[in-house]
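Asker: Let me see the structure of the following:
(chains A and B)
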Amino acid sequence: MFEGFEGGRLPAAFMSAGTSSFTEFVRSVSPELLPGHHLPSGEGTEHLTPDATTIVALTFPGGVVLAGDRRATQGNVIANRDMEKLFRTDEFSAVAIAGSAGIGIELARLYQVELEHYEKMEGRVLSLEGKANKLAQMVRGNLGMAMQGFVVVPLLVGYDENTGTGRVFSYDAVGGRYEEHRHHSIGSGSVYARGSIKKLYKDDLDETGTIKVALEALYDAADDDSATGGPDLHRKIFPLVDVITEDGHRRVPTDDVAALATEVVEGRAAHPDGPTVTLR
Amino acid sequence: MSMPFYVAPEQQMKDKADYARKGIARGRSAVVLQYEGGILMVADNMSRTLHKISELYDRIGFAAVGRYPEFENLRLMGVRFADVRGYQYDRRDVSGRQLANIYAQTLGTVFSESLKPWEVEIVVAEVGDTAAEDEIYRITFDGSIVDERGFVAVGGSSENVATVLKERFVADAPLSAALHTATRALARENGEERELEAGNLEVAVLERARQHRKFRRVHGRRLTALLEEGRAGGDGAAGASSGAAGASGGGSNSDGDSSGDQADE
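Answerer: Below you'll find the predicted structure:
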């Protein structure tokens, strides 16, 4: 690592015209900083880092909402109650992770630097497709780790300035990239969350309505999946909610989420299975 | 056969310095100064895409004059260094002083070791939590580094520009007034008075109150409005009273217009 400056110079790579990709650059000057540099060997390594679970993403006219629960588990043990699985990656995009927490957090952090680095080097922002493809390459780069049991699956949401809409991209462990329409969810509780969203989602919901649907879905996931945490009213731990619109990325303040989440929990006191829809 | 002439080291350094100074003097100047909301960077630049002013990191901006490919190289180096540092440790662990030192060492090595010195002069500015914590460094072609207070001018005839800046600089002026000061200083560059329009100016601010990344370019309608406002407030009474009048207008304008001019980028 270039801690000092031997001979008063940084390594030549710093000055070369070279690449605009941060990952490629770091690989050439100090590869030990990158996640997955040393592949673990041997079996039964899954217990080394906890798992992060349910994430939901829903679009609404002119934007997109991303929400995630706060629990991380190691087997049957709750490893963390207030984990943050949502990451603002730049002004108009955010990433959430499910799977091996330690690897996922590092992946998200690297991705964040990657986008900013490109923007500064090139003097322009990547297109949303470009951002989505870049993330696919990074997930594919983690394939070796995934084979050892450290699977990380991100969910990318962003506001597309060209079309004026919110968009959602999902990934599989080998880096397959899939654009999702209207809504999607990932993680161990995603099956229950998706069922819930399908019944409550409408195309013309406003921002607050969309956040409510997201919170109901996370509640349903926590209801049936032991690895997903519901709103914790006593400890004041609530899901994280990010909203991206043409005004950029915004993390919804805890007090606002608390009010909406409390409403959801109180609603469940009367109807434990949540709101119902009328058959038409 | 021919023997190379002996050239005294003093003479050699002097020749190199003269060469670099002449090269830099051919280009236009740039100024960096504090205003009430952070640090303002202004360069006399015709090009919309070949920037003299850029972002290095969250709180740190870069302004340069001289030969474009040479300072562009330095800019890329700084961005790489800052991003690697910030990724390795934490975003707060990247400082303007580190970057200024690296630039000084690099330019110093180039100046003493290579035949041709780099014809560049750069400014590294870091906006702090308060105006007292702002840092502005000027680094010259030979690797000298100066810690400047309040304002700095670099480039061609920076003495002329600095003289005007010294006369007109007010530490906590509103943005429009600070911009007016900067453009007046740049306009006086060659002793003669020129009128600088939005099209010849590259303007950026490091906004103290801004979240995440503080660097932000000012262009399009917002720049034109700020220039007009500065002219209206600045020429009538070039003093503290005009600064106060412009303050309210400057604040509301910069916020209201900001989303609009993102689009024409």
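
Asker: Let me know the helix or strand that A:L156 is in.
Answerer: Element membership for A:L156, per DSSP states H and E: strand A:152-160.

Asker: Mind listing residues that contact the helix or strand just after that strand?
Answerer: Downstream of strand A:152-160, the first helix or strand assigned by DSSP H and E is strand A:165-171. Contact partners of strand A:165-171, identified using Cβ atoms under 8 Å, 6 or more residues apart in numbering or on different chains, comprise A:57, A:59-65, A:128, A:132, A:135-136, A:139, A:153-160, A:177-181, A:183-184, A:186, A:244-245. No exception for glycine: its C-beta is placed from N, CA and C like everyone else's.

Asker: which parts of whichever helix or strand comes after strand A:165-171 are buried?
Answerer: Once strand A:165-171 ends, the next helix or strand along the chain (criterion: DSSP H and E) is strand A:177-180. For strand A:177-180, a neighbour-count test (16 or more other Cβ atoms under 10 Å in any protein chain shown) marks A:177, A:180 as buried.

Asker: for strand A:177-180, what is the average pLDDT?
Answerer: Averaged across strand A:177-180, pLDDT comes to 96.

Asker: Quick one: residues in contact with stretch A:248-262.
Answerer: A:86, A:88, A:90-94, A:159, A:208, A:211-212, A:215, A:231, A:233, A:236, A:238-244.

Asker: Would you mind listing what in the stretch 51-200 of chain B touches chain A?
Answerer: B:51, B:54-56, B:73, B:76-77, B:79-81, B:83-84, B:86-88, B:102, B:105-106, B:108-109 (Cβ under 8 Å from any Cβ of the partner chain).

Asker: any idea which residue sits dead centre in the chain?
Answerer: Chain wasn't specified; assuming chain A. A:A96 (0.5 Å; Cα atoms, centre = their mean).

Asker: You answered for a different chain; I wanted chain B.
Answerer: Centre-nearest of chain B using Cα atoms, centre = their mean is B:A63, 3.7 Å out.

Asker: Would you verify that that residue is located in a strand?
Answerer: Yes. Under DSSP: H, G, I helix; E, B strand; the rest coil, B:A63 sits within a strand.

Asker: hang on, it packs against B:I122?
Answerer: Yes. Taking contacts as Cβ atoms under 8 Å, B:A63 lies within contact range of B:I122: 6.8 Å.

Asker: list residues touching both of those two?
Answerer: In contact with both B:A63 and B:I122: B:V154, using Cβ under 8 Å, 6+ apart.

Asker: Quick one: mean pLDDT for stretch A:239-246?
Answerer: 96.

Asker: Name the nearest residue to the residue nearest to the centre of chain B, sequence neighbours excluded.
Answerer: B:V123 (4.4 Å; Cβ to Cβ, 6 or more residues apart in numbering or on different chains).

Asker: What residues are bridge-paired with that neighbour?
Answerer: For B:V123, the beta-bridge partners are B:A63, B:R138 (DSSP bridges).

Asker: where in chain B is pLDDT low?
Answerer: Scanning chain B for pLDDT under 70 picks out the ranges B:1-2, B:191-193, B:234-265.

Asker: just the strands in it please.
Answerer: Here chain B has its strands, by DSSP state E, at B:30-35, B:38-44, B:53-57, B:60-66, B:120-126, B:135-139, B:145-148, B:151-154, B:201-207, B:215-218.

Asker: do the stretch 101-250 of chain A as well
Answerer: Using DSSP state E, counting those that start in this stretch, the strands of the stretch 101-250 of chain A run over A:152-160, A:165-171, A:177-180, A:183-186, A:240-245, A:248-251.

Asker: any chance of these in TSV, with distance to B:R149 too?
Answerer: Below are the strands of the stretch 101-250 of chain A laid out as TSV (distance: least, Cβ to Cβ, whole Å):
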stretch	distance to B:R149
strand A:152-160	41
strand A:165-171	46
strand A:177-180	51
strand A:183-186	53
strand A:240-245	41
strand A:248-251	34
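
Asker: Among those strands, which comes closest to B:A225?
Answerer: Of all the strands of the stretch 101-250 of chain A, strand A:248-251 sits nearest to B:A225, with 21.7 Å by Cβ to Cβ.

Asker: Who are the contact partners of the closest residue to B:D83 other than its chain neighbours?
Answerer: Nearest residue to B:D83, sequence neighbours excluded (Cβ to Cβ, 6+ apart): A:H117, at 5.0 Å. Residues near A:H117 by Cβ under 8 Å, 6+ apart: A:20-22, A:25, B:79-80, B:83.

Asker: hmm, 7 Å instead?
Answerer: A:22, B:79, B:83 (Cβ atoms under 7 Å, 6 or more residues apart in numbering or on different chains).

Asker: same check, this time on A:A146
Answerer: Applying Cβ under 7 Å, 6+ apart, the residues contacting A:A146 are A:A173.

Asker: Check what pLDDT it gets.
Answerer: A:A146 is assigned 85 on the pLDDT scale.

Asker: do the same with A:E266
Answerer: In this prediction A:E266 is given a pLDDT of 95.
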